[in-house]
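Asker: Turn this into a model:
(chains A, B and C)
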Amino acid sequence: MSKTAQATTSPVVNPVEPSGPGLSVRGISKEFFGVAVLHDIDLDVRPGEVVALLGENGAGKSTLSSIIAGLIQPTRGSMRWQGKAYAPQSPSDALEAGIGLIHQELRLLPDLSIAENVFVGRLPMRNGRVDRHLMNRLAARQLARLGLDIPPTQRLRTLQVAAQQQVEIAKALTLNSKLLILDEPTAALGGAETDRLFSQITKLRAEGYSFIYISHRLEEIARIADRIAVLRDGALVSAHDTAQLPEKQLVEEMVGRSVDRIFPEIAPPQEREVLTVRNVTSPTGAFRDVSFSVHAGEIVGIAGIVGAGRTELVRAITGADPLASGAVLLDGVPLRLRGPRDAIDAGMVMVPENRKQQGLIVQHSLADNMAFGNFDLMQSGSWVLPGRVRAFTAQAIRRMGIKGTPGQKIASLSGGNQQKVVIAKWVSRNPKVFILDEPTRGIDVGARAAIYTVIAELARTGMAVVVVSSDLEEVLGLSHRVLVLSRGQQRGLLDRRDASHVAVMELATS
Amino acid sequence: MSTKFKVVASAIALAAATVFASQAMAQDKKVTLGLAVANLQADFFNQIKQSVEAEGKRRGIEVVTVDAKGDAATQVNQIQDLITRNISALIYIPAGATAASVPIKAAKAAGIPVVAVDRNPPDAPADTFIATDSVSAARTLGDYVCKVTGGKGNIGIVQGQLGTTPEMDRDKGFSEAVAQCPGLKVVAKQASNMWMQDEGFSIAQDMLQRNPQLDVFFGRADALAMGAAHAVKVANPDHKVIVVGFDGDVAGLKAVRDGILEATMTQQTQLMGRMAVQSALDLVAGKTVPKEQLQQAQLTTKDNAAPFIEKHP
Amino acid sequence: MNARLEGMRNTAPPSARRRVAWPASLGGATGPLIGLVLLGVGFSLASPYFLSLRNALNVLDQVTVLGIVSIGMTAVIVVGGIDLSVGSVLAFSMMVMGWLNQDYDVPLVLCIVAAIVVGGVCGAVSGLLVTRARLPAFIATLAVMSVARGMANILTDGQQIVGYPDWFTRLSTVRHFGFLSLTVALVVVLVIIAGAYMTFRAGGRNLYAIGGSSEVARLAGIPVRTVTLLVYTGCGVLCGVAAVALASRLDSSQPSAGLGYELDAIAAVVIGGASLNGGVGGIAGTVVGVLIIGTLHNGLNLVGVSPFVQQIIIGVVVAGAVTFDTLGRRNR
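Answerer: Presented below is the predicted three-dimensional model:
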């Protein structure tokens, strides 16, 4: 692999000859039950190169990466890898060939140690017993290589998401993977953790490793990728030999239409104070002595890096977790929060951080999900009739512009439409306070704009809105004021005009 | 639709109808016995089942067997099904602690004669009842224990499922014999739930732990006794401990032959099975059959075990 | 999998998307229903005694107890739990009824009430262990199963109780209007109530939310712990009702009654299309599942299949029915 190091310095014009030393994908198509989801994709990844795969959810990125990693097999087309024909029938075929996939939702065993996770399925043996000594030593070496200072015997469950992800990378490296596919690796990471991941990628790239990098975050792609391939509706829309392109151009390629502005106009707030949070402190110490208020029609953003206590704060305010001390007032009336129901009844709702685990029951239908928690709004007498539920849902679908039918399973909706279902469910209650935790996590750019419009609309109708996000652009673009948390402490409450990228990051990392 | 097709179709329909009709008629004339067994996991019941089926085969009678797996409710369902099936007579080995009367009432209501085996519901007795005279057999066993111990010793009893007729009868007979033998004392008694060997093992082990001076174990069934014998072997006491059982099932008889058990009372399962079939046929034919047909069990020791293993009485 | 679904979203023909959302409690039952019909046709051909009104009524008689228990089990499984204690609780309730009646001369009607209350208390204990002590449902109900069986035996030292008044046994034996015994009528009423509740009432629909994801349900303002406690209590109450029906059918109370009923009930619920992961299932499906189990036992007895072979056939049918259903679901 040593000779490939030069390739990174001088980008070669696409396409290269198919027998090149990296991965070359030619004419890959995939159909499920006769429905085409990938059409005739060509893609090249050369050694020591980071190729970004860009596209909305449903564009075919995951299908393509699953084919490359051997999870599924293409209907047509061929691949070559390191100069040889490559047609993996299973993930283990791909791993053996040196191609590893790191999923967006990590596939680790939370109750085993880090070392066991790294070596699962191929634990080093000696005399018929697992050689723990050797295993821990090898794992420690990999962790050190990634700049991680954690004992390999630590239980995986005790690690932060970011560290768990690096365990996955360490695992792939010990498998001698030369090409790593990273599926939305920064979805759950904060700024500092993202930086560390990028420096690792840069280091490994210099050693000749290649990456296929899947992400929605255009600014990240500009930072880390060498080249960009854009997919839309299962087809390759464009392939760029540089990552330094205007964001607007990329977004338009992804959504297939021109996107003038991502963030909508935000109307000025009203005078009336709706939500007042006074000196709230968490029993676990996740946040201490936080105070803020939100006016009718106002959007307050909460910024901070991972672990700052943002999610814990909004969960406690909405009754999902207990508060140790402090008060939450709605229209000046203190709330007694014994559980989410108390907050909901008072008119305060939350769109939770993890859509698929906290917001929606993905195996249930759209109508069922709309109904859970809202039966009081759709009963006739005290009966819940399927017809009423469907009508109620159909109305919400129209109002929010959700692409789906009442009977459709949530799992078959795109991330953006799923999020709209959660929002629609709570909008139906006409609440006073609307809290959204990571409203656009894992949602593609086109759909994000629609969510932003919805959020702005909520404020315009006079609701007090709180938006928690790891995406600083989002917080800055949407909020009237920005509350910055760092290690559980309130560092500042900035006005829209003072809240710059730099100002917020300074407070967040203090 | 062509005429040819119609002809063929009606021919097939006619043939099918004839076959069904003749089958139904054949089944109406033929004598069918229903056999409802309490629990085929127990060798004793299985022996009776095999005997009934063999006898039925010899006489060219159809026997339909159902197994309640020890559950009275299941047995009521099964007997309901047998009645639907138009059986000529029912051989009923009740499941549950004491015999349920519901099946007998149901069969009587359908005009089907009932032969009860092993247990008989007191409030609704069957037309005839075939069983071992357990009280007398247990007395015989008690007398034998008195004889071989020289009339002296401490007895531990591994009881069967409490509240069941066999447990009560065997307790009665054995207690009578012990009372006649002043040197014998029952010092420990504990019940099992399922009459199973592993229960016998753990119960006897605990008894020996608490009371190492036990000389005799009486397992209320052979399986319990064999469990107890194994516990004795594991404990390896400094004095001789004899173990006696009851039922004389195949495993028990082999244990007697090999000296693991001192003695058992062999119930005449094959005989009871044959008698059950005979009584059922007599009842179908309208003959009178005695209300109770109690059989003697045979005291079996090392000396006479072999022929019973060869051919069960 | 995810990619597959996402991919299909864009290109699926409109007809596939227009599948009407019908409550899970009815929609899931079609597969098992076909199985039940096939079973009926098969047995009708194999035995001349099978296809008759009388035998159909017999099957209904035979599944009353399992039917009542399975209603409770459906609710428990839909909220993502399991109740292994149903058979033992049934025996305990049954023994309390007989014991109060025989040893203390309590009027039978009050004894019936006591049996139902005892069942409810046992269920509540399971529910508290699950919701407050946070035991896994499997362990909590395993413990209650053992305790209840022990209590059932202690009351009479393992003896059964025989001799209920005639009017009591007639509840299950006399067929009114020529076909409906009171116990069967009771099952029908309970099925209708439970089915309507789980399909058309907010409280019933909430069970599906809890089983689908208890965290989602909690954040949606559903009092998850209270509802879960009530579900286990309700299941216990139904065990008490089943105990009364069984005592009437057997004309006795037995401490060994109901052995292994939990497995039959779980099988019936799962055959009826429920998922042991929770959130899926329904009363209609369970009824079909109960009838499949009842028909299977009845039919095999009528055909005269040997008891040992019966066990094999039942195992194969249970595995087959559930496999068929799961595969069908996956392809949908």
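
Asker: quick one: C:Phe126 and C:Val89, what's the gap?
Answerer: For the record, residue C:126 is Ser, not Phe. C:Ser126 sits 8 Å away from C:Val89, going by C-beta to C-beta, to the nearest Å. Backbone N, C-alpha and C define where each C-beta goes, glycine included.

Asker: out of these two, which sits in the busier spot?
Answerer: Neighbours were counted for C:Ser126 and for C:Val89 using other C-beta atoms under 10 Å in any protein chain shown; C:Val89 has more, 39 against 31.

Asker: what residues are up against the more buried one?
Answerer: C:118-119, C:122-123, C:144-145, C:148, C:236, C:239-240, C:243, C:258 (C-beta atoms under 8 Å, 6 or more residues apart in numbering or on different chains).

Asker: Looking at these, which are in helices?
Answerer: Among those, DSSP state H puts C:118-119, C:122-123, C:144-145, C:148, C:236, C:239-240, C:243 in helices.

Asker: between those, which is closest to chain B?
Answerer: Nearest to chain B among the ones in helices among the contacts of C:Val89 is C:Ala243, at 11.0 Å by C-beta to the nearest C-beta.

Asker: correct me, but the closest one touches C:Ser88?
Answerer: No. Using C-beta atoms under 8 Å, C:Ala243 and C:Ser88 do not qualify as a contacting pair, with a distance of 10.7 Å.

Asker: neighbour count winner among these two?
Answerer: Each of C:Ala243 and C:Ser88 had its neighbours counted (other C-beta under 10 Å), and the higher figure belongs to C:Ala243 (32 against 28).

Asker: that older thread, next, format the ones in helices among the contacts of C:Val89 as CSV and append distance to chain A and pLDDT.
Answerer: Putting the ones in helices among the contacts of C:Val89 into CSV (distance: C-beta to the nearest C-beta, whole Å; pLDDT from 0 to 100) gives the following:
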residue, distance to chain A, pLDDT
C:Val118, 30, 97
C:Gly119, 27, 97
C:Cys122, 27, 97
C:Gly123, 23, 97
C:Val144, 27, 97
C:Met145, 28, 96
C:Ala148, 32, 96
C:Gly236, 25, 97
C:Cys239, 27, 97
C:Gly240, 27, 97
C:Ala243, 31, 96
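
Asker: neighbour-wise, which of the residues you listed leads?
Answerer: Result: C:Cys239 is most packed of the ones in helices among the contacts of C:Val89 (other C-beta under 10 Å), 37 neighbours.

Asker: Hmm, that residue is touching C:Cys122, no?
Answerer: Yes. The criterion here is C-beta under 8 Å, and C:Cys239 meets it with C:Cys122 at 7.2 Å.

Asker: Show the model's pLDDT score for the residue most central in space within chain C.
Answerer: With distances taken as C-alpha atoms, centre = their mean, C:Ser70 lies nearest the centre of chain C, 0.4 Å away. We have a pLDDT of 97 for C:Ser70.

Asker: is the host helix or strand of it up against chain A anywhere?
Answerer: Counting by DSSP states H and E, the element that carries C:Ser70 is helix C:53-78. No. Taking C-beta under 8 Å from any C-beta of the partner chain as the criterion, helix C:53-78 and chain A are apart, separated by no less than 11.8 Å.

Asker: which element follows that helix toward the C-terminus?
Answerer: Counting by DSSP H and E, what follows helix C:53-78 is helix C:86-103.

Asker: buried sites along that following helix?
Answerer: Within helix C:86-103, the residues scored as buried using 16 or more other C-beta atoms under 10 Å in any protein chain shown are C:86-102.

Asker: same check, this time on stretch A:270-287
Answerer: A:273-277, A:280-282, A:286-287.

Asker: swap in stretch B:238-251?
Answerer: Result for stretch B:238-251 [16+ other C-beta under 10 Å]: buried residues B:241-249, B:251.

Asker: Let me see the mean pLDDT of that stretch.
Answerer: Stretch B:238-251 comes out at a mean pLDDT of 91.

Asker: Only C-alpha atoms, please: export it in CSV.
Answerer: Coordinates of the C-alpha atoms in stretch B:238-251 are reproduced here as CSV (Å, rounded to 0.1, in the frame of the first residue of the first chain):
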residue,chain,number,x,y,z
ASP,B,238,-22.5,-47.5,58.4
HIS,B,239,-25.4,-49.9,58.8
LYS,B,240,-27.6,-51.7,56.4
VAL,B,241,-30.6,-49.7,55.1
ILE,B,242,-33.3,-51.6,53.2
VAL,B,243,-35.6,-50.0,50.7
VAL,B,244,-39.0,-51.3,49.7
GLY,B,245,-41.3,-50.0,47.0
PHE,B,246,-44.8,-50.5,45.5
ASP,B,247,-46.3,-51.1,42.1
GLY,B,248,-43.8,-53.6,40.6
ASP,B,249,-43.2,-51.7,37.4
VAL,B,250,-40.5,-52.9,35.1
ALA,B,251,-37.7,-50.7,36.4
